[in-house]
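here is my input; please provide its structure:
(2 chains)
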Amino acid sequence: MTSLIDFATIWAFIIAFAVFIYVVMDGFDLGLGILFPLFPEKADRDVIMNSVAPVWDGNETWLVLGGGGLMAAFPLAYAVLMPALYTPMIAMLIGLIFRGVAFEFRWRTTQRTRNRWDIAFAGGSLLASLAQGIALGAILQGVHVEGRHYAGGWWDWLTPFSILTGLALIVGYALLGATWLVMKTEGELRDKAYRLSWFLLFAMLGAIGAVSIATPFLHFQYAQRWFTWPNVILTAPVPIAVAAVTVMLLRSLANRQDYRPFFLSLALFALSYGGLGISMYPYIVPQSITIWQAASPENSLIFMLFGVAVLVPLILGYSAWAYWVFRGKVRPESGYH
Amino acid sequence: MFEGWDAVVLARAQFAFTMSFHIVFPAFSIGLASYLAVLEALWLWTGREVFINLFNYWLKIFAVAFGMGVVSGIVMSYQFGTNWSAFSDKTGPVIGPLMAYEVLTAFFLEAGFLGVMLFGIKRVGHRLHFFATLMVAIGTLISTFWILSANSWMQTPTGYAVNADGQFIAASWLKVIFNPSFPYRLVHMVLAAYLTTALVVGAVGAFHLWRDSHLAGPRVMFSMAMWMATLVAPIQILAGDQHGLNTLEHQPAKVMAMEGHYQSHKDGAPLILFGLPDQAAGKVKYAIEVPKLSSLILKHALDAPLAGLDTVPRENWPPVPITFWSFRIMVGLGFLIMGLGLFSLWMRWRGALYESRLLHIFAMAMGPAGFLAVLAGWITSETGRQPFTVYGLLRTTDSASPLAAPAVGSSLTAFVMVYFIVYAAGLTYLFRLMAQPPHPGEEGPSGDMPARAAGITPASGAAAEGSA
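Down below sits the predicted model:
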C-alpha cells in the first residue's frame, strides 16, 4: 500500500454492507416464501404477496450490487469463489428466477395454475435460501486455491458444516418473514405469525449456537480470533449483545408489540453477521486470499468510491421513501388504495 | 453426460442461450418505459382519458416483462464469475466498475421507483407518480449507457494498461468509458429498443383495429407506433451504416466476416448479397454479388481496395457463416421495418391508417421483427469479435473458468429447462394481456389483483383520473 488510505478495507466494508442489506431485505421476502406453505388460504397468500410486491425488486438489486461490486473491487475473489460455489450459485439463481416471476405470474392466471406459481414461489425461495446458506458455509470452511484459480472439485462445497449453515439461514430468513408479517398484517394472520415467530426465534438461537460452536473447529485461526487475549475484549460483547437482543425480542413477542420483533430480528442478523466478519477479516477467501491481495488497483477503487459516496445515500433515501409509501398494515379489504 | 465435451464451447453456449433470452426483455422494457412516460405525460398534459387507459394497459405488460428481465439479468451478473472466472479476474478492474455504476445509477433507480409506478398512483398523487415513471424510464436508459460502454470496451479497448498480475487496469477512465465504438453502439441499441417496442405496440394496435377499427385506444397506439417506425427506421439504418464504418476502422476482421470477404480485393470489392460461406475452404460458395458495391459502401469509392481475411492469421478468424448470415437477417429486417413505416405513411396520407387491412397484416407480421433484428445484430457483433473476449487482447479460450465439462453442461441443461418453463408461461401471460383491447377505465397492475382493487370501481377510478 503506497497510499495513506486503505481503500481495500473501505471496499471490504462497502461490499459487506451491500451483502448485509441484501441479506436482511431479501431475507424477509425469501422468508415469506419459506413460510408460504403454512398459509394455505388464498386470501392470506394475497396479503403476504402484497406486503412485499412493491419492494422485492429493490431488495434483490442489492444482490446484484454485491456480485457486481465483488467483481469490480475484488476480481480475484470473485474469480475464485464463483467457480468454487458453482452449484450453489446456479441453484440460487434458478430459485430466484422461479420466485421472482411468481410475483407477477400468480396474478395473471387461473386458480389451478396459480397453485403452481405458489409452489414456484415457495420452492424457489427455499432453494435460494438454502443455496445462500450453503455458499456462506463453503466460504467459511475455505476453498482450495492454486495461483489465481480455484483448484478444488465441484462438490467441495458440500459438507456437514455447509448443510448446517444452509439450514440455519433458512431458519433465520423464516424468522425475518414471520416478524415482518407480525408487523404488516392483522387478525388471525398476525396471530399465526406471532406463534411462528416464537418457534422460529428458538430455532434461530439454536442455529446461531450450532454455527458458533462449529466455526472455531474449522480453522485454528477462527478459534484464535475469538478466544485469545486481547481479542476477547472485542469479541466477547457479540454473544452478550445476542443475549440482550434475545431478551428484548422475547419480551416484545410476549407483549405483542407489532413493530419491534422485526427490527430486533434484524439486530440478531446484524450481530451474527458481525460475528462472521470478525472470523473472516482480513481474508476474503478464508485462509488463502486477503482483501489486499484480491483488491482491484487503487484507481478502480477510487473511481467507484465517488459513485458509492454520492449514490448510496441517495439510493437508501429513495428506497426508504418507497417503503414509506407502502407503510402500515396490508388489509385484504382495502389493499393498496 | 457431457464427458468429452469442450467446457469452453458449453460455457459459450450457456452464455449465448441465457443472453439471448435476457436481451429481448431489456430491449422491450427500455422502449416501453419511455413509451409509458410519454403516455403519462400526454395524459397529464391533455387530460384525455385514452392516454391513461393506454398507460395502464401497457403498464401491466411492462410489469410482467420487467420481472422476467430482472430475474434473467441476475443470472448474467453471476455468470461472469461462474463460467468466465479468468475473464473476471483479468477485466474486473476495468469492466467491473462500469457494471457497478450501472447497478448504482440505474438498477436501483428502476427498482426503487418501480413499486410506486406499478402500485402507487392512488398513494402518491399524479405528479409524484409521473416522476416515478420518469425515473424508471431514465433508469433503463442509464443502464443501457453503462452496459454498452462495458460491451464496447470489449470490442474496442482503449485507455487501459496491464499490471503485473496480467489484469487490465484503467489508464484513463474517460477513454475506457467513451471508447471508439461506444457512441455508435449506444445510439444503435437505443433506437433498436425504441423500434422493437414500436413494432410490438403497432402489432397489438393492428390486431385490435382488425376486429374493430373504431376503438380509441388501438387507434392512438397504432398511430403512435407507426410514426415511430416511419421516422426512426431510416435514422436507424443511417446509424447502423455509421456503426459499420466505425467497425471497419477498429475491428476490420468483423467487417470481413460480415461481408464474407475471405479474399482481398485490390480494385473494388464486390457486395456479396447471398452465398454459403465455407470456413474450412476459406471462400463463399454460390455467391451472388454486385461488383464493387462493397467498396462503394465502406470506402465511398468504387475501386477502393479492401483487405480480406487472407490478411488475418487463421487462428484469429471469426466464425464467418454465423456473422455473415446474422448480419443479413438484421439488415433485411431493418429495411422491412422501414418499408412498414413508409407504407403506413402512405396509408396515413390517404386517410386509411385505421382501415387498411393490408397495413394491419403487415404490422402484425412485423410484431416480432424488432426482437429478431436485435438478436441478429448482437449475434453479428459478438461472434464477429471472436475468437476474443477483449478484441485482439484476450482470447475466449483463455477467459473461461477452470471447470470440467459436466459441471457446465449440467448447469446449461438446468437453465434451458427452467427458461423454457418460465418463458413459455410468461409469453402466454403477455399474449393473454395483449389479446384484450384497452378499454375505458382500464386499471393498472393493482386493478386486477382482488386484494388491492376492492372498493375501487372503474367508474370512480376514471372519475378521479379525469379530474387530474
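
what residues sit buried inside stretch B:16-33?
With burial defined by 16 or more other Cβ atoms under 10 Å in any protein chain shown, the residues of stretch B:16-33 counted as buried are B:18-33. Every residue, glycine included, has its C-beta placed from N, CA and C.

oops, could you answer that again for stretch B:369-389 instead?
Neighbour counts over stretch B:369-389 (16+ other Cβ under 10 Å) mark B:369-386, B:388-389 as buried.

out of these, which sit inside helices?
With DSSP state H as the criterion, helices contain B:369-385 from among the buried residues of stretch B:369-389.

next, B:Gln167: phi, psi?
Dihedral angles of B:Gln167 (phi, psi; degrees, to the nearest 10) stand at phi -90, psi 150.

so it touches A:Ala79, yeah?
No. Under the criterion of Cβ atoms under 8 Å, B:Gln167 makes no contact with A:Ala79, lying 10.2 Å away.

now the common contact residues for the two.
Shared contacts of B:Gln167 and A:Ala79 (Cβ atoms under 8 Å, 6 or more residues apart in numbering or on different chains): B:Asp89, B:Gly92.

more neighbours: those two, which one.
Counted by other Cβ atoms under 10 Å in any protein chain shown, B:Gln167 and A:Ala79 do not tie: A:Ala79 has more neighbours, with 28 against 21.

who's in contact with the more buried one?
Residues in contact with A:Ala79 (Cβ under 8 Å, 6+ apart) are A:Arg148, A:His149, A:Tyr150, B:Gly81, B:Ser85, B:Ala86, B:Ser88, B:Asp89, B:Gly92, B:Ser401.

tell me which element residue 169 is part of?
Since you didn't name a chain, this refers to chain A. Using DSSP states H and E, A:Leu169 falls within helix A:160-184.

that's the wrong chain, I meant chain B
B:Ile169 is part of strand B:168-170 when elements are defined by DSSP H and E.

quick one: strands adjacent to that strand?
Applying DSSP bridges, strand B:168-170 is found paired with strand B:160-162 (antiparallel).

and the average pLDDT for the partner strand is what?
For strand B:160-162, mean pLDDT rounds to 91.

kindly report the same for stretch B:311-325.
90.

can you give me the helices in the stretch 101-250 of chain A?
A:111-141, A:160-184, A:187-218, A:220-227, A:231-235, A:237-254 (DSSP state H, counting those that start in this stretch).

mind listing what's buried in the third one?
For helix A:187-218, the neighbour count (16+ other Cβ under 10 Å) marks A:189-190, A:192-194, A:196-197, A:200-201, A:203-205, A:207-208, A:211-212, A:214-216, A:218 as buried.

filter the residues you listed by proximity to chain B?
Among the buried residues of helix A:187-218, no residue sits close to chain B (Cβ under 8 Å from any Cβ of the partner chain).

re the thing from before, what is the nearest of the buried residues of stretch B:16-33 to B:Val162?
Of all those, B:Val162 sits closest to B:Met19, with 26.9 Å by Cβ to Cβ.

that closest one contacts B:Met76, doesn't it?
Yes. With contact defined as Cβ under 8 Å, B:Met19 reaches B:Met76; the gap is 6.7 Å.

for chain A, tell me whether the helix or strand just after the strand holding B:Ile169 is touching it.
Per DSSP H and E, the first helix or strand lying C-terminal to strand B:168-170 is helix B:173-177. Yes. For helix B:173-177, a contact with chain A is found by Cβ under 8 Å from any Cβ, at B:Trp173.

tell me what whatever helix or strand comes next after helix B:173-177 is packed against?
Remark: after helix B:173-177, the chain's next helix or strand is helix B:182-211, criterion DSSP H and E. Under the contact criterion of 3 or more Cβ pairs under 8 Å, 6 or more residues apart in numbering or on different chains; DSSP states H and E, helix B:182-211 touches helix B:7-46, helix B:126-155, helix B:216-250, helix B:320-349, helix B:357-365, helix B:369-385, helix B:405-435.

tell me the spacing between B:Trp378 and A:Ile213.
B:Trp378 is 52 Å from A:Ile213, where distance means Cβ to Cβ, to the nearest Å.

where does pLDDT dip in the chain?
Here I'm looking at chain A. A:1-3, A:332-337 (pLDDT under 70).

not what I meant, chain B
Within chain B, the ranges that satisfy pLDDT under 70 run B:1, B:446-468.

check which helix or strand covers the closest residue to chain A within the stretch 101-250 of chain B.
Nearest residue of the stretch 101-250 of chain B to chain A: B:Gly115, at 2.9 Å (Cβ to the nearest Cβ). In this assignment (DSSP H and E), B:Gly115 forms part of helix B:108-119.

so how many other residues sit close to the residue of the stretch 101-250 of chain A found nearest chain B?
Relative to chain B, the nearest point of the stretch 101-250 of chain A is A:Arg108 (4.1 Å; Cβ to the nearest Cβ). Using other Cβ under 10 Å, A:Arg108 has 22 neighbouring residues.

phi and psi next, for it.
phi -100, psi 20.

let me see the contact set for it.
Going by Cβ under 8 Å, 6+ apart, A:Arg108 touches B:Val64, B:Tyr429, B:Arg432, B:Leu433.

swap in 10 Å and give it another go.
Counting by Cβ atoms under 10 Å, 6 or more residues apart in numbering or on different chains, A:Arg108 makes contact with A:114, A:117, B:60, B:63-64, B:425-426, B:428-430, B:432-433, B:445, B:448-449.

among these, who's most crowded?
Result: B:Lys60 is most packed of those (other Cβ under 10 Å), 26 neighbours.

separation between that residue and chain A?
Distance of B:Lys60 to chain A, given as Cβ to the nearest Cβ, to the nearest Å: 8 Å.
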